[in-house]
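*Asks:* no letters, just coordinates:
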Ligand SMILES: Nc1ncnc2c1ncn2[C@@H]1O[C@H](COP(=O)(O)OP(=O)(O)OP(=O)(O)O)[C@@H](O)[C@H]1O
Ligand SMILES: [Mg+2]
């Protein structure tokens, strides 16, 4: 009985100790943390935005032309399948060296698929009858795209961007392994020095960022969904 | 108005050519309601979609108002042709008003005019604009959605409207309602409509001309009455169904059973002349006509004998229980007249000229013939009636 209580107390004490020292380090190194967060955001948003700019048109083209669809979807699939750490590490033998640049490239490749896939699915899922009606009424190719297909697919595409962002926020913590900076730096250092509070210093802000991104982009997605589609979906 | 000239469509499937529409020619008049019908895969949709170039013909031409459509820009062309499909295809992200206004918007029509027209159109099909214009397609029933689909096709005020099984997915009651509305709309707006259906009853109800297709060719193109009366061959007969082919007193005109070429006499004729003409023809009655050969009554041998005609004008001795009806009167209506005091009907054409007679006996014989399916219009006018 006695022993059990002691263990619990000790464990509790241990947690408290880690938490206390985490707060201590956080206050102590708040400038470093803010800097790391900023670095991390660059590691996330640059690749995601670039991936969106490339993937959305490619995804649309893939719905139009089979000769685009097959290679593009396969290649994006391959990037997504390679374990993230391996993909980051691969940048080194590929001649990109270490640092932020190869990290950005790897994360960009990693962000392609979710956006590409959602764009492709979103546009593909627009009812054939809706497109036929649009064409039959005399809409041009581009009018059908921006008046019908894109508005209907928009929320699905946004869903792809949200997924990519959340994934990359996590994956970007690995960028530190190749000197990419960001919140991963604390984790890597913490692992090396076996200091839990340093690991938490990287992990907690990364987790919080991911949650915020999930929530905020989720809201944005809902706002961008046309009312008529929301009604259709809810009913 | 619309002319299809030797339209042919060959599809390539796995390198194999497939002849879906085979050298099809058809003329459609302004304001005509043409229904394309035929078994699944006979090429109805293909024919329809070639008209607005959603499918390019392999060969042949389409002329609209004496202009070959291949000389016009397809996008412009489609904005001038209404198009309604079975799956409706309303834009789910747009309000009902925005859906209806698509073509006017594409044509850069003034925003206020557009909305005004939308409201008029909604009222035309009994959808209250105040309630429906800001709704979304998902908030409408299937029948309401298809009404909007039809309005969307009307909004650009096209002369020609193409409809591919527009009511195929609706329940029978709603379908019936929409058919009635459609026919009314077409007649009040004088639109030319090419309408595809599987449903022969729908075709009979709506069509001015039914075009029955089989394997990419037209088997028969005729008015519903004509097709029911004279099916071109066994395929048509089978397609129409025996139960519809049995002529029916509700639709068969009295002209089908009348005794043709009635004896006519001028209203100035002498009694002796009338009697001798009647005897010569073996007829017991004669139709009196005026100088323009218009119906002026009927005299019977009986009347002449009994009342005598000396010194009387023929119309004065004419039978008061005789009456003229136009040739499109149905057998049912004729029967109800004959059952309610009228003894003899003179069938007249649009100019009031007599073209036949229907007595009670003739009517009964006609109805019996309808049942037997063996119509025989050449009955001699030789019966006696009392
Ligand atoms: N894109 C295509 N490629 C190859 N064959 C086609 C194509 N579209 C239609 N066909 C074939 O052409 C024929 C006519 O098709 P169509 O769609 O015009 O028929 P339909 O009369 O409208 O039939 P349904 O009543 O079933 O709608 C069918 O045999 C069909 O299989
Ligand atoms: Mg069809």
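*Replies:* Cool, got the structure. Only a predicted model underlies this, so the values are computations on that prediction, with no experimental measurement involved. Numbers count the residues shown, from 1 in each chain, chains lettered A, B, ... in the order given. Ligands and ions are numbered 1, 2, ... in the order given.
*Asks:* right, and the helix or strand after the lengthiest helix in chain A?
*Replies:* Across chain A, the longest stretch assigned as helix under DSSP state H is helix A:30-64. Next along the chain after helix A:30-64, taking DSSP states H and E as the criterion, comes helix A:66-81.
*Asks:* ok, which stretches of chain A are strands?
*Replies:* Listed in chain order, the strands of chain A (DSSP state E) amount to none at all.
*Asks:* mind listing what's buried in stretch B:271-278?
*Replies:* By neighbour count, with 16 or more other C-beta atoms under 10 Å in any protein chain shown as the criterion, the buried positions of stretch B:271-278 are B:271, B:274-275, B:278. C-beta: built from backbone N, CA, C; applies to glycine.
*Asks:* quick one: name the residues of the stretch 151-300 of chain B near chain A.
*Replies:* Taking C-beta under 8 Å from any C-beta of the partner chain as the contact definition, the stretch 151-300 of chain B meets chain A at B:152-153, B:156, B:162.
*Asks:* neighbour count added to these, as CSV?
*Replies:* CSV is the format used below for those (neighbours: other C-beta atoms under 10 Å in any protein chain shown):
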residue, neighbour count
B:152, 26
B:153, 25
B:156, 23
B:162, 27
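*Asks:* just give me the least confident of these.
*Replies:* The member of these with the lowest pLDDT is residue B:156, at 90.
*Asks:* which non-adjacent residue is nearest that one?
*Replies:* Closest residue to residue B:156 apart from its sequence neighbours, by C-beta to C-beta, 6 or more residues apart in numbering or on different chains: residue B:103 at 3.5 Å.
*Asks:* what does the strand or helix carrying that neighbour contact?
*Replies:* With the criterion set as DSSP H and E, the secondary-structure element containing residue B:103 is helix B:102-106. Contact with helix B:102-106 is made by A:134, A:137-139, A:143, B:79, B:91, B:94, B:113-114, B:117, B:152, B:155-156, as judged by C-beta atoms under 8 Å, 6 or more residues apart in numbering or on different chains.
*Asks:* out of those residues, which are buried?
*Replies:* With neighbours counted using 16+ other C-beta under 10 Å, these contain these buried positions: A:134, A:137-139, A:143, B:79, B:91, B:94, B:114, B:117, B:152, B:155-156.
*Asks:* who in chain A is up against chain B?
*Replies:* Of all the residues in chain A, those in contact range of chain B (C-beta under 8 Å from any C-beta) are A:127-140, A:143, A:148, A:151-152, A:226-229, A:231-232, A:235.
*Asks:* let's see 7 Å
*Replies:* A:127, A:129-130, A:132-133, A:135-140, A:148, A:151-152, A:226-229, A:231-232, A:235 (C-beta under 7 Å from any C-beta of the partner chain).
*Asks:* of those residues, grab the buried ones for ChimeraX.
*Replies:* Listed next is the ChimeraX selection for buried residues among the residues of chain A next to chain B, using 16+ other C-beta under 10 Å:
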select /A:127,130,132,133,135,136,137,138,139,148,151,152,226,228,229,232
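*Asks:* can you pull the domain assignment for chain B?
*Replies:* B:2-244, B:254-372 (automatic domain parsing).
*Asks:* Throw those into JSON lines and include distance to ligand 1, thanks.
*Replies:* Putting these into JSON lines (distance: least, C-beta to the nearest ligand atom, whole Å) gives the following:
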{"stretch": "domain B:2-244", "distance to ligand 1": "3"}
{"stretch": "domain B:254-372", "distance to ligand 1": "33"}
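*Asks:* where among those domains is average confidence lowest?
*Replies:* The weakest mean pLDDT among these belongs to domain B:254-372, with a mean of 82.
*Asks:* tell me the contacts of residue 107?
*Replies:* Chain wasn't specified; assuming chain A. A:43, A:47, A:168, A:171-172, A:175 (C-beta atoms under 7 Å, 6 or more residues apart in numbering or on different chains).
*Asks:* nope, chain B please
*Replies:* B:79, B:156.
*Asks:* from residue A:142, how far out is it?
*Replies:* Relative to residue A:142, residue B:107 is positioned 17 Å away (C-beta to C-beta, to the nearest Å).
*Asks:* ok, residue B:124 next?
*Replies:* Counting by C-beta to C-beta, the separation of residue B:124 from residue A:142 is 32 Å.
*Asks:* repeat for residue A:57
*Replies:* In terms of C-beta to C-beta, residue A:57 sits 13 Å off from residue A:142.
*Asks:* and those two? Which one has more around it.
*Replies:* Comparing residue A:57 with residue A:142 by other C-beta atoms under 10 Å in any protein chain shown, the one with more neighbours is residue A:57, at 11 against 8.
*Asks:* if anything else comes up later, I'll come back, but that's it for now.
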